[in-house]
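Peer 1: fold the following.
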Amino acid sequence: MEARYFRYQYENTQDGILQSGCIWDRRVDKKTTYLYAAGEYAGIPRIARDQEKKWGRKAPETILDIFVLGAYTVPYICRLLEILQEQGVRTVVLPYIPPMIRMNMMTYLEKNGTTDRELQRFLGAPYSYLKEQGVENIYLLYGNGQMLPREQDNLLEGHYFERVDRRIQEMVTEMEGVFIPVYYAGYIVENQWLYYFGTYGVEMQMNTGVKLELDTITMFTGPQYARNREMECMFTTKVFTREQHCNIQIKEEYETCALKCLYRNDYDMLKKHMDSKHEMLRVGLLNLGNVNLNTSLKNVIARYGSVVEQVRGISVPNSGKEAFWNEKLLSVFTGTDLEYYICACDKNTGDKVIRDIAMSSAYNRFINVNEEFAYCFSGYLVEK
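Peer 2: Numbering: from 1, shown residues only. This is a model prediction of the structure:
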């Protein structure tokens, strides 16, 4: 069928959100793949690499189009380095982290017996390292740029990031000792799909007593054209396990693959957004990284207000730590559509967070993703 197919997966991972996506416009046979990675900010940071290289499962001969480093954590930086070596990446979006903090990370790694040369090279000079690896577009983000208009139909394909003002750029150049371009968070339109970014400061109290100022990147992703009156939509969700080896790549025999999947598994069929009361189809995701909703919720709502009606899945910040949670987020997504709150649950996940989500509305779904369980959203859009 001549349609736009899409698949989102929250992958099996230990302590963070790893969300991969594949968009295939079969009408012009064009695919776009992306990976959003945000490891947990913790008092004792995890520094061990994950042994199984199954994150963002892709055919090794294909280049990853977009990699978003939502949080500056070692295992997820290592995954970026692995993908650069194995496949290559066209565009990397990551927070600008000052050299003093990167130096502290290197010192911590050395004290704990980690001396990975590639990781040290990256932490020493991220921009130069990514350039050497052949990355075409590098967006180091510092602060937020202009907000998207509520009407996105007329946005042109391309990358839209404003350079930071002169004062900030001079400060960065002085700290780095060399000029590297830094940008305000913006957006990308590729293959008629929107990737809209925000960046927020996070204060972390480490177990050593040191306070670190880190940034995290948030991202909305969804179709550029998603008006109910113009589109027919098929949209389903399901749980899958590590053993099921669900692949993010959409293959040409998609319909057969999808039917087999639905035939053999329990799943949710999402159709409420197709009734006449909805202007927009609700087929987007809002990945919140490690944003502290107690300090930044107002700014997050303001930035993503133009796409709220399109959000179906929301990642819970920083593995659901109570210190990062604000139940007022739930009031933004009220109604009778199912909303999915995806959380990388571990020992730090707060009971209150789970209760707030599960008990505030019967239409809320709390989804636990971890080393064993993962979650898939998939569907297609067809013009009426």
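
Peer 1: ranges for the helices of this protein?
Peer 2: Here the chain has its helices, by DSSP state H, at 74-86, 99-111, 117-124, 126-132, 166-176, 254-264, 293-304, 351-360.

Peer 1: now do Gly113, the pLDDT please.
Peer 2: pLDDT for Gly113: 73.

Peer 1: and it, how many neighbours?
Peer 2: 7 (other CB atoms under 10 Å). For glycine as for every other residue, the C-beta is placed from the backbone atoms N, C-alpha and C.

Peer 1: give me the distance between it and Ala185.
Peer 2: 35 Å (CB to CB, to the nearest Å).

Peer 1: contacts only, for the closest residue to Asp153 other than its chain neighbours.
Peer 2: What sits nearest to Asp153 in space, not counting adjacent residues and going by CB to CB, 6 or more residues apart in numbering, is Tyr225, at 6.2 Å. Listed by CB atoms under 8 Å, 6 or more residues apart in numbering, the contact set of Tyr225 reads Asp153, Gln192, Met231, Leu381.

Peer 1: may I see the buried residues of stretch 126-137?
Peer 2: Neighbour-count burial for stretch 126-137 flags Pro126, Tyr127, Tyr129, Leu130, Gln133, Val135 (criterion: 16 or more other CB atoms under 10 Å).

Peer 1: next, format these as TSV and append distance to Lys321 and pLDDT.
Peer 2: Listed next are the buried residues of stretch 126-137 as TSV, based on distance: CB to CB, whole Å; pLDDT from 0 to 100:
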residue	distance to Lys321	pLDDT
Pro126	26	97
Tyr127	30	98
Tyr129	30	97
Leu130	30	98
Gln133	33	96
Val135	32	97
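
Peer 1: touching, Ala358 and Phe366? I think so.
Peer 2: Yes - using CB atoms under 8 Å, Ala358 is in contact with Phe366, at 5.2 Å.

Peer 1: for those two, indicate the residue with more neighbours.
Peer 2: Set Ala358 next to Phe366 and count neighbours by other CB under 10 Å: Phe366 wins out with 18 against 13.

Peer 1: which residues touch the more buried one?
Peer 2: Taking CB under 8 Å, 6+ apart as the test, what Phe366 contacts is Tyr341, Cys343, Ile354, Ile357, Ala358.

Peer 1: next, count neighbours for Asn228.
Peer 2: 18.

Peer 1: these two touch, right, it and Glu279?
Peer 2: Yes - counting by CB under 8 Å, Asn228 does reach Glu279; the two are 6.0 Å apart.

Peer 1: low-confidence ranges, this protein, go.
Peer 2: 43-61, 205-210, 245, 247, 250-262 (pLDDT under 70).

Peer 1: buried ones in stretch 343-360, by neighbour count?
Peer 2: So, applying 16+ other CB under 10 Å, buried residues of stretch 343-360: Cys343, Ala344, Cys345, Asp346, Asn348, Thr349, Gly350, Val353, Ile354, Asp356, Ile357.

Peer 1: same question for stretch 220-234.
Peer 2: Phe220, Thr221, Gly222, Pro223, Gln224, Tyr225, Ala226, Asn228, Met231, Cys233, Met234.

Peer 1: what's the neighbour count on Arg163?
Peer 2: Other residues close to Arg163 by other CB under 10 Å number 12.

Peer 1: mind listing what it touches?
Peer 2: Applying CB under 8 Å, 6+ apart to Arg163 gives the contacts Gln169, Pro181, Val182, Tyr183, Tyr184.

Peer 1: from these, which ones fall inside strands?
Peer 2: Tyr183, Tyr184 (DSSP state E).

Peer 1: would you write a ChimeraX line that selects the buried entries of the contacts of Arg163?
Peer 2: Selecting the buried subset of the contacts of Arg163 in ChimeraX, with 16+ other CB under 10 Å as the burial test, is done by:
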select :169,182,183,184
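
Peer 1: which one of the contacts of Arg163 is nearest to Tyr142?
Peer 2: Ranked by distance to Tyr142 (CB to CB), the contacts of Arg163 are led by Val182 at 5.0 Å.

Peer 1: what distance do you get for the closest one to Ile97?
Peer 2: 11 Å.

Peer 1: what do you get for Asp351?
Peer 2: Distance from Asp351 to Ile97, by CB to CB: 32 Å.

Peer 1: also Phe235?
Peer 2: Between Phe235 and Ile97 the computed distance is 37 Å (CB to CB).

Peer 1: Val353 too?
Peer 2: Taken as CB to CB, the span from Val353 to Ile97 is 27 Å.

Peer 1: same thing with Gly350?
Peer 2: 27 Å.

Peer 1: for Gln169, same thing?
Peer 2: 16 Å.

Peer 1: and the contacts of stretch 2-11?
Peer 2: Taking CB under 8 Å, 6+ apart as the rule, stretch 2-11 contacts 17-27, 54-57, 192-193, 221, 223, 246, 248, 250, 254, 283, 285, 313, 315, 342, 367, 369, 374-382.

Peer 1: ah, wrong one, I meant stretch 287-299
Peer 2: 17, 19, 36, 38, 40-41, 70-71, 144, 198, 200, 202-203, 214, 216-221, 300, 314-318, 323-326, 328-329.

Peer 1: how long is that stretch from one end to the other?
Peer 2: 15 Å (CA to CA, to the nearest Å).

Peer 1: got the buried residues for it?
Peer 2: Buried-residue list, stretch 287-299, by 16+ other CB under 10 Å: Asn287, Leu288, Gly289, Asn290, Val291, Asn292, Leu293, Ser296, Leu297.

Peer 1: what is the nearest of these to Met106?
Peer 2: Nearest member of these to Met106, counting by CB to CB, is Asn290, at 20.7 Å.

Peer 1: for that closest one, give its distance to Tyr375.
Peer 2: 19 Å.

Peer 1: returning to what we had before: may I ask which two of the contacts of Phe366 are separated the most?
Peer 2: Of all pairs in these, the most separated under CB to CB is Cys343 and Ala358 at 11.1 Å.

Peer 1: thank you, goodbye.
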